[in-house]
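Undergrad: Give the three-dimensional model of this entry:
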Amino acid sequence: MATMNAPTLDRRTGPERRTNVREGRSAMSALDYLAMALLIIGGLNWALVGLFEVDMVATIFGPGSPATRLVYVLVGLAALYSIYTTAKMAGAKRHR
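TA: This next block holds a predicted model:
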């Protein structure tokens with residue numbers, strides 16, 4: 001019976017086969033996720049307004065209520081933050 005040679009490159013000791021796609025960049029922060037969630041809420045609300053004339057935020061919190069206005073302000077701030085983040089990422093990409 002012939003003996004088998006051990007493989008020369010053991011999977012456990014070889015270099016990591018998966019590479020990080022975001023190498024050199026940090027992952028999204030909690031603020032990034034919060035901004036994204038608020039933008040999704042705002043976008044879906046505007047889609048409902050445009051398609052069905054239903055303002056879901058105003059329906060939930062009451063039209064013109066302080067809570068409704070707060071949600072609208074937070075969505076606007078999330079949009080401004082996303083503009084800032086996009087500009088920062090574009091600037092970093094140009095300087096590579």
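
Undergrad: so what secondary structure elements neighbour the longest helix belonging to the chain?
TA: Ranked by residue count under DSSP state H, the longest helix found in the chain is helix 66-94. With contacts taken as 3 or more Cβ pairs under 8 Å, 6 or more residues apart in numbering; DSSP states H and E, helix 66-94 sits against helix 30-52, helix 56-61. C-betas here are computed from N, CA, C, even on glycine.

Undergrad: With respect to residue 79, which of those helices lies nearest?
TA: Closest to residue 79 of these, according to Cβ to Cβ: helix 30-52, at 6.4 Å.

Undergrad: Tell me who's in contact with residue 85.
TA: 32, 35 (Cβ atoms under 8 Å, 6 or more residues apart in numbering).

Undergrad: what comes up buried for stretch 79-96?
TA: Buried residues in stretch 79-96, counting neighbours by 16 or more other Cβ atoms under 10 Å, are found at 81, 85.

Undergrad: how about it as PDB, C-alpha atoms only?
TA: What follows is stretch 79-96, C-alpha atoms only, in PDB (Å, rounded to 0.1, in the frame of the first residue of the first chain):
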ATOM      1  CA  ALA A  79     -29.800  63.900   4.400                       C
ATOM      2  CA  LEU A  80     -27.300  66.700   5.300                       C
ATOM      3  CA  TYR A  81     -25.000  64.200   7.100                       C
ATOM      4  CA  SER A  82     -25.200  61.900   4.100                       C
ATOM      5  CA  ILE A  83     -24.200  64.700   1.800                       C
ATOM      6  CA  TYR A  84     -21.200  65.400   4.000                       C
ATOM      7  CA  THR A  85     -20.300  61.700   4.200                       C
ATOM      8  CA  THR A  86     -20.500  61.400   0.400                       C
ATOM      9  CA  ALA A  87     -18.300  64.500  -0.200                       C
ATOM     10  CA  LYS A  88     -15.800  63.100   2.300                       C
ATOM     11  CA  MET A  89     -15.700  59.700   0.600                       C
ATOM     12  CA  ALA A  90     -15.300  61.400  -2.800                       C
ATOM     13  CA  GLY A  91     -12.500  63.500  -1.600                       C
ATOM     14  CA  ALA A  92     -10.700  60.500  -0.100                       C
ATOM     15  CA  LYS A  93     -11.100  58.600  -3.300                       C
ATOM     16  CA  ARG A  94      -9.500  61.400  -5.300                       C
ATOM     17  CA  HIS A  95      -6.500  61.600  -3.100                       C
ATOM     18  CA  ARG A  96      -5.500  57.900  -3.400                       C
END
